[in-house]
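K.L.:
A predicted structure for the sequence below; I have some questions about it.
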Amino acid sequence: MAAAGRAWRAAALLPPWRLQAPRRAYGAAAGAAGGGRLLLGAAFALGGGAGLYMAARHRLREHSAAELPAGTLQLTLYQYKTCPFCSKVRAFLDYHGLPYEIVEVNPIMRKEIKFSSYRKVPILLANAGSPLQLNDSSVIISAIKTYLISKRNSLEEIVSFYPPMKTVTEQGKEVFEYGNKYWLMLDEKETKRVYPVKEVRVEEMKWRKWADDWLVHLISPNVYRTPREALASFDYIVREGKFGTMEGFFAKYMGAVAMFFISKRLKKRHHLQDDVREDLYEAVNEWVKAIGKHRLFMGGNQPNLADLAVYGVLRVMEGLEAFDDMMVNTKIQPWYQRMEEVIRKAEVKV
């Protein structure tokens, strides 16, 4: 991201880790209720709700399902580009070398998912002989991972093991939850092969849940921490989204102001510190500490589902000041760069 006024991004001031490889730039925003349609049309979902809209249906990187051999899994991912939950699914699919198509969803009209009564993203359409819709990022990951490991059940049967359960929030809103979404549905033999000891499975599930329940809620307050950061985020998104002149001007300045104040509300809701960077630093250092000094990844020599989840969530901040600060002021850099490398190698093989 090369927005004017961000002199700290000059090459001479870049930290050594940033000079090693180019970074993709991603916008990031928090979900919010209320406001004008155009204003919220300049936002995409990060952790739920309406978010920043990338006006053109921008494709990140498309894998053609039509190129797959006959009889293999064909996948289409409906997403918001910078949604951390969608990023988690992409990281999982990329690492496992699964080709897929991406459909960028307009978070205002959402006409791309009008076929679905489930109105959130990500949605994954999978065809392993018959079409099937999978909802919720963690369900998607657990179900597809189970399918890759187990040959006993069809994908349709596996998905039936993750039934949605209707619950009511404190605000009286009905929502659907998946109580077992972090479980892989394996038999005893398969379980022992994937998880040699019980603690490995427990650890993976714990940190996958941590990524969903805590880490993801640190993103929006950090990328909108100050008016300058909010404006820089919207500047990038408006330019990439190819807004009209007046539309872009309104979205950039009014959107940045609105999301700055919304981020303060999110800060209060999640009981964050006055300086939300400290919560982010503490969280990623806690993650690094859990991996320890003798493992490359939480999964050992290769990433497990927890590694992929944490990487997917953090990746949506790339190109923003919060990401640079995190890389400089925490111990996350070596692990993060190892994750980038294994994902890159997996993509090359596809």
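P.N.:
Good, I have the coordinates.
K.L.:
C-alpha only now, for contacts and for neighbours.
P.N.:
Fine.
K.L.:
and the residue nearest the centre of this structure?
P.N.:
Centre of the chain computed as the mean C-alpha position; nearest residue by CA atoms, centre = their mean is Pro84, 2.0 Å away.
K.L.:
that residue and Gly312 touch, don't they?
P.N.:
Yes: look at Pro84 against Gly312 with CA atoms under 8 Å: they come within range, at 6.2 Å.
K.L.:
ok, for the residue nearest to the centre of the chain, nearest residue in space, not its chain neighbours?
P.N.:
Nearest non-adjacent residue to Pro84, counting by CA to CA, 6 or more residues apart in numbering: Val313, 4.6 Å away.
K.L.:
for the one you found, give its distance to Lys349.
P.N.:
Distance, Val313 to Lys349, by CA to CA, to the nearest Å: 24 Å.
K.L.:
now the strands for the protein?
P.N.:
Taking DSSP state E as the criterion, the chain carries its strands at 74-79, 101-104, 123-127, 131-135, 165-168, 174-177.
K.L.:
which helix runs longest in this structure?
P.N.:
Secondary structure assigned by DSSP state H gives helix 245-269 as the longest helix of the chain.
K.L.:
next, Ser154: phi, psi?
P.N.:
phi -70, psi 160 (degrees, to the nearest 10).
K.L.:
list the contacts for it?
P.N.:
Tyr147 (CA atoms under 8 Å, 6 or more residues apart in numbering).
K.L.:
ok, the spatially closest residue to Ala306 that is not a sequence neighbour - how many residues close by?
P.N.:
Spatial nearest neighbour of Ala306, chain neighbours left out: Arg208 (4.8 Å); criterion: CA to CA, 6+ apart. For Arg208, the neighbour count with other CA atoms under 10 Å is 21.
K.L.:
on that earlier part again, want to throw the strands of the chain into CSV with mean neighbour count and distance to His271?
P.N.:
Below are these laid out as CSV (neighbours: other CA atoms under 10 Å; distance: least, CA to CA, whole Å):
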stretch, mean neighbour count, distance to His271
strand 74-79, 23, 29
strand 101-104, 21, 32
strand 123-127, 21, 30
strand 131-135, 16, 29
strand 165-168, 11, 22
strand 174-177, 12, 23
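K.L.:
which of these comes out lowest on mean pLDDT?
P.N.:
The weakest mean pLDDT among the strands of the chain belongs to strand 174-177, with a mean of 84.
K.L.:
helices or strands next to it in the packing?
P.N.:
In terms of contacts (3 or more CA pairs under 8 Å, 6 or more residues apart in numbering; DSSP states H and E), strand 174-177 is packed against strand 165-168.
K.L.:
which elements pack onto the strand it packs on?
P.N.:
Applying 3+ CA pairs under 8 Å, 6+ apart, one finds that strand 165-168 contacts strand 174-177.
K.L.:
other residues contacting the strand it packs on?
P.N.:
With CA under 8 Å, 6+ apart, strand 174-177 has contacts from Pro164, Met165, Lys166, Thr167, Val168, Thr169.
K.L.:
can you pull the contacts of the nearest residue to Glu112 once chain neighbours are set aside?
P.N.:
Spatial nearest neighbour of Glu112, chain neighbours left out: Val105 (5.7 Å); criterion: CA to CA, 6+ apart. Residues near Val105 by CA under 8 Å, 6+ apart: Arg57, Tyr78, Gln79, Tyr80, Lys111, Glu112, Ile113.
K.L.:
repeat that for Thr146.
P.N.:
Applying CA under 8 Å, 6+ apart, one finds that Thr146 lies in contact with Ile158, Leu184, Met185, Leu186.
K.L.:
now do the second one against Ile158, distance only.
P.N.:
Think Leu184. From Leu184 across to Ile158, the span is 9 Å (CA to CA).
K.L.:
ok, Val313 and Lys349, which is more surrounded?
P.N.:
Using other CA under 10 Å as the criterion, Val313 and Lys349 rank with Val313 on top: 27 against 10.
K.L.:
ok, that one - contacts?
P.N.:
By CA under 8 Å, 6+ apart, the neighbours of Val313 are Pro84, Phe85, Ser87, Lys88, Ala211, Leu215, Val216.
K.L.:
in helices, which of those residues fall?
P.N.:
The helices, defined by DSSP H, take in Pro84, Phe85, Ser87, Lys88, Ala211 from the contacts of Val313.
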